[in-house]
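Visitor: okay, here's the prediction I keep looking at, along with the sequence it came from:
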Amino acid sequence: MTEYNDLIFEVSQPGRSAFSLPESDVPLIDLTTKFPQHLIREEPAELPEVSEPQLMRHYTSLSTKNFGVDNGFYPLGSCTMKYNPKINEDVARYDGFAAIHPFQPVETVQGAFELLYELQEDLQVIAGMDAITLQPAAGAQGEWTGLMMIKAYHTKNGDRAARTKILVPDSAHGTNPASAHAAGFDVVEIPSNPNGTVDLVELKKQVGKDTAGLMLTNPNTLGIFEKDIIEMAEIIHEAGGLVYYDGANLNAILGQTTPGMMGFDIVHLNLHKSFSTPHGGGGPGSGPVGVKEFLIPYLPIPRIEKQENHYVLNAAYPDSIGRVKGYYGNFGVNVRAYTYIRTMGPKGLRQVSESAVLHANYLRKRLEPYYDTPYTQYSKHEFVLSGSRQKKQGVPTLNIAKRILDFGYYAPTVYFPLIVDEALMIEPTETETKETLDAFADALIQIAIEVEETPEMVLNAPYTTSVRRLDEVKAARQLIVKHTP
Amino acid sequence: MNEYRYLPDTAQDQKKMLDALEITSVDELFSDIPTEIRLTEDLPIPQAVHESALIKKMRRLAAKNATAHDYTLFLGAGTYDHYIPSVVDHVISRSEFYTAYTPYQAEASQGELQALFEFQTMVCELTGMDAANSSLYDGFTALGEAATLAVGATKRSKILISKAAHPQGRQVLQTVANGNDYQVTEIDLLNDSTNLTLLEEQLDKETAAVVIQYPNFFGSVEDLAAIKELVTAHKALLIVMANPLALALLESPGKLGADIVVGDMQPMGLAMNFGGPHCGYFAVKKKYIRKIPGRIIGQTTDSEGKRGFVLTLQAREQHIRREKATSYMSSNQALNALASAVFMSALGKEGIKKMAKLNIEKADYMAKQMENKGFLLKNEAPNFNEFVVQLNAPIKEINQLLLQKGFIGGYDLEFDYGMENAMLIAVTEQRTKEEIDQFIEALEGITK
């Protein structure tokens, strides 16, 4: 069979179509009688012209060149690529959720508000917070929303001019410093100690009257629980700062502890990670934010509230940071997360974190003899290996990632966190079988052996994917970002 | 047996893994969490529900909402009830697409990358711009990013935005500006359009950009050519927030001089979803390619010379640039971008024009019918698929009565614009002549 590698524009033929629209049942209009000539489009947009079967074959062919969790193991660290339940997909497509307009009278969408309100309540207790907003579209927007609230809080206290700095550990996700910057703060990086946790001595050195807050992921991106968290929170609070929890790694602690108990004031949650909603190849996600009671006035508006037996929108919060996104957030994603939480219940969620953590530790144990492990304490939901041993043998980590693709797995996150040389960050999640973990370990072990015996095998990978190794430098240099006929 | 169907560990699996770790209980793996912050009881959330019972529960919850299938919808204001070909949902339901992550490993993600490359091409075609990213959260957040780009590129500190831009878009922009410490000034209206005299008065050497919605919130088509002249005189940038469907027939913002074009793809293949997820798009003139926020797909070749696609210009992004990134935004709305790419492929060059034309004609018919019946219409500029009608009672009350007759009425302009008794009506290709006539009749019955 001939391989199909065409762009949709390349299979287009004038005169074909894949739509069905009725003829107009109202009088036709000559556009030139309605619009001034210069506002009428001169050249049509060159969209493809294909038949419906052609269209389906095109996109089906593309789908076969794409790897999702349903294709196989996806150990992408910090991304929590767990199984995406099918009931969630069905429910989100019910007319009562998908075919409703955000500006309908509130009494006609009480079911939608009931769902959102209950989800707020669930996430509130899961995070140990006092209120939740569902407006942020994703984790990074949740971070930014939280930082805007930190800014509003200090402004309200007359303290904003002095409090210019957000402290961020050097192991943090890149979105932390980026969102702090977008909220108008300066970023101070706090180094990690040899155990992979925040260096308390350094933290104390940096904390002061100019501290607006600290952003922290716990467990951190090395998969290590910051066991000094209570003391850290106290240090920041005593200095008048607020403590922000990056919820990217919440899967590790579901039902075990809460950010609220740890002393955090603000939390964002990634529903597309811990709460099973699909990543969709990059989105849509959902990034609700929770706060302790004293920060409720700053939450985005409008808020969804319950009055006796009905739900209302309330925008009467004069100290609110305002609106961060259109409408009520990514509702369709929130429907999926709600369905997941109802499927699992409290015991199920607790079993999620137990299995996720057991899987990570077991997989690490199997790989320890073959790859460097910079940190030796128990991991939580993920762990970081270093490919420095393999690099010394002439095979940098990127090649290991490419070689794994040939075994039918997606690759771990590589070169992150930045504080680990040649990092391989592995997060197996709770939804994989022990057989899968073992087979994946066998594959990584075989690759370690290949690095020693047949390094060119690894250096030239991948072999089995729809394309071989792609030239990223060329892509950035020639910069072709659209098709030109 | 494990009672949770997503969790595969059997008691034996667990024991084998614990044995390998030389521990006796999973609890030991959590021993580094201080006891005083360990939960000792179950989270106080409802107990697990079995699949059939949960489906029943979720159906009941969904049934509490009045849908666009149960009622005839004349409500738009940024979110529209449009035709979505069946193929759209079939493509995005392929789990190779929806269960994938951001395509970091390009070799295993060519399907997604190529589809998004095609999406970028289609966005450029519609907007008349040189480059587009692979989507942002929604149209309003895309607007915020566009303003921030303009402030950075011009090193100026003020954004002028027309009051005829979506109220929520203006609200989001204000929040973004508060974060980045720049100023936003709203330009008042002249009837249904941006007041160009006021715009000219406000333009100065601190103006980074002017933001115009096209067609604007009231459905009216702003004269971008005239606005571009004013903007150019002050060396500011022109940001256009456009309904992509309207661009099938309206001159492209790129051709009329826009520097950045943003908007939401919702009208093109995305369900209303109670306001989200939708899909922001972001397109620029060549000069600003390296300042684009979000993810961009680029074409390249593999080691054997075969065409392929990768995430490119990643040096702009947070995981590399951290606080110096062009934007804090990490994820996008890739699956929805895919949906709208499928939509644009299905409609194609001719279909999209036909659909846009149906929108204009239906709205035109409805407006003329209403005028004939003595209703007062407020639009003076030519409109796309929305228009404003002045009624004689509060819209909230009128919408209650319309609901009883099976209609979801238009948007109440009182709260955002202080326009009492004024309703913004949307008419898409989904509305038939019969439905339009019935709606007008119902409205007559209520208001006369």
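Guide: Perfect, thanks for sending it. Everything numeric in this text was worked out from a predicted model, so none of it was measured. Residues are numbered from 1 along each chain as shown, chains lettered A, B, ... in the order given.
Visitor: make it CA atoms for all contacts and neighbour counts henceforth
Guide: Fine.
Visitor: low-confidence stretches in the stretch 351-485 of chain A?
Guide: Within the stretch 351-485 of chain A, not a single segment meets pLDDT under 70.
Visitor: near chain B, which residues of it show up?
Guide: Remark: the part of the stretch 351-485 of chain A in contact with chain B comprises A:352, A:354-355, A:357-359, A:361-362, A:365, A:378-380, A:402, A:405, A:410-411, A:430-434, A:462, A:465-472, A:474-476, A:479-483, using C-alpha under 8 Å from any C-alpha of the partner chain.
Visitor: any residue of the lengthiest strand in chain B up close to chain A?
Guide: If each strand of chain B is counted by residues according to DSSP state E, the longest one is strand B:207-214. No - figure legend: strand B:207-214 not in contact with chain A (C-alpha under 8 Å from any C-alpha); closest approach 10.7 Å.
Visitor: now do the following helix or strand past that strand: everything it contacts.
Guide: Counting by DSSP states H and E, the element after strand B:207-214 in chain order, helix or strand, is helix B:224-233. Contacts to helix B:224-233, defined as C-alpha atoms under 8 Å, 6 or more residues apart in numbering or on different chains, come from residues A:38, B:196, B:200, B:203, B:209-210, B:237-238, B:253, B:256-258.
Visitor: mean confidence for whatever helix or strand comes next after helix B:224-233?
Guide: Once the chain leaves helix B:224-233, the next helix or strand it forms, by DSSP H and E, is strand B:237-242. If you average the pLDDT over strand B:237-242, you get 98.
Visitor: are strand B:237-242 and chain A in contact anywhere?
Guide: No - Strand B:237-242 lies out of reach of chain A by C-alpha under 8 Å from any C-alpha, never closer than 13.3 Å.
Visitor: and the helix or strand following that strand, which strands flank it?
Guide: As assigned by DSSP H and E, the chain's next helix or strand after strand B:237-242 is strand B:260-264. In the sheet containing strand B:260-264, its partner strands are strand B:237-242 (parallel), strand B:280-284 (antiparallel), by DSSP bridges.
Visitor: between strand B:260-264 and strand B:207-214, how many degrees?
Guide: 40 degrees (axes from the mean of the first three to the mean of the last three C-alpha atoms, to 10 degrees).
Visitor: and the contacts of strand B:260-264?
Guide: B:127, B:129, B:138-140, B:142-143, B:146, B:237-244, B:253-254, B:278-285.
Visitor: tell me the domain ranges of chain B?
Guide: B:72-84+B:349-447, B:86-343 (automatic domain parsing).
Visitor: residue B:377 - how many residues pack around it?
Guide: By the measure other C-alpha atoms under 10 Å in any protein chain shown, the count of residues near residue B:377 is 17.
Visitor: mind listing what it touches?
Guide: B:367, B:371, B:387-390.
Visitor: which of those are buried?
Guide: When these are checked for burial by 16 or more other C-alpha atoms under 10 Å in any protein chain shown, the buried set is B:367, B:387-390.
Visitor: for residue 104, which non-adjacent residue is spatially closest?
Guide: Because you didn't say which chain, this covers chain A. Distance criterion C-alpha to C-alpha, 6 or more residues apart in numbering or on different chains; nearest residue to residue A:104, sequence neighbours excluded, is residue B:408 at 7.1 Å.
Visitor: wait, chain B was what I had in mind.
Guide: Going by C-alpha to C-alpha, 6+ apart, residue B:104 has residue B:311 as its nearest residue, at 7.3 Å.
Visitor: tell me if the helix ranked longest in chain B is near chain A.
Guide: Longest helix in chain B by number of residues (criterion: DSSP state H): helix B:334-372. Yes - residues of helix B:334-372 contacting chain A under C-alpha under 8 Å from any C-alpha: B:334-336, B:342, B:344-351, B:354-355, B:358, B:361-362, B:365.
Visitor: and the contacts of the one helix or strand in chain B whose mean pLDDT sits lowest?
Guide: Least confident helix or strand, chain B: helix B:318-321 with a mean of 72, by mean pLDDT, DSSP states H and E. When contacts are defined by C-alpha under 8 Å, 6+ apart, helix B:318-321 is touched by residues A:173-175, A:177-178, B:314-315, B:324-328, B:330.
Visitor: what does stretch A:179-191 give?
Guide: Counting by C-alpha under 8 Å, 6+ apart, residues outside stretch A:179-191 touching it are A:140-141, A:143-144, A:147-148, A:151, A:164-171, A:177, A:198-199, A:202-203, A:206, B:176, B:178-181, B:323-324, B:327-329.
Visitor: endpoints of it, how far apart?
Guide: Using C-alpha to C-alpha, to the nearest Å, one end of stretch A:179-191 lies 19 Å from the other.
Visitor: list the buried ones in the longest helix along chain A?
Guide: Ranked by number of residues, the top helix in chain A under DSSP H is helix A:331-367. Going by neighbour count (16+ other C-alpha under 10 Å), the buried part of helix A:331-367 is A:331-364, A:366-367.
Visitor: now swap in stretch B:148-156 and tell me
Guide: So for stretch B:148-156, counting by 16+ other C-alpha under 10 Å, buried means B:148-151, B:154, B:156.
Visitor: about what we covered before: which of the residues of the stretch 351-485 of chain A next to chain B count as buried?
Guide: For those, buried by 16+ other C-alpha under 10 Å: A:352, A:354-355, A:357-359, A:361-362, A:378-380, A:402, A:405, A:410-411, A:430-434, A:462, A:465-472, A:474-476, A:479-483.
Visitor: can you flag which of those residues belong to helices?
Guide: Those of these lying in helices (DSSP H): A:352, A:354-355, A:357-359, A:361-362, A:402, A:405, A:434, A:472, A:474-476.
Visitor: those residues: which two are farthest apart?
Guide: A:354 and A:474 (44.3 Å; C-alpha to C-alpha).
Visitor: one step back: buried members of the contacts of strand B:260-264 into ChimeraX, please.
Guide: Under the burial definition 16+ other C-alpha under 10 Å, those of these that qualify are selected in ChimeraX by:
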select /B:127,129,138,139,140,142,143,146,237,238,239,240,241,242,243,244,253,254,278,279,280,281,282,283,284,285
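Visitor: show me what contacts residue B:118?
Guide: With the criterion set at C-alpha under 8 Å, 6+ apart, residue B:118 makes contact with A:7-8, A:482-483, B:341.
Visitor: closest one of the residues you listed to residue A:104?
Guide: residue B:341 (27.8 Å).
Visitor: do you know how far that closest one is from residue A:343?
Guide: 33 Å.
Visitor: now residue B:254: how far from chain A?
Guide: 11 Å (C-alpha to the nearest C-alpha, to the nearest Å).
Visitor: correct me, but that residue touches residue B:128?
Guide: Yes - using C-alpha atoms under 8 Å, residue B:254 is in contact with residue B:128, at 4.3 Å.
Visitor: got a pLDDT number for the closest residue to residue B:115 other than its chain neighbours?
Guide: Counting by C-alpha to C-alpha, 6+ apart, residue B:338 is the residue found nearest to residue B:115 once chain neighbours are left out, at 6.4 Å. Predicted confidence (pLDDT) for residue B:338: 98.
Visitor: do the one 4 residues further on as well
Guide: Per-residue confidence (pLDDT) for residue B:342: 98.
Visitor: and for it, the neighbour number?
Guide: Residue B:342 - counted by other C-alpha under 10 Å - has 30 other residues nearby.
Visitor: help me confirm that it comes into contact with residue B:88.
Guide: Yes - using C-alpha under 8 Å, residue B:342 is in contact with residue B:88, at 5.7 Å.
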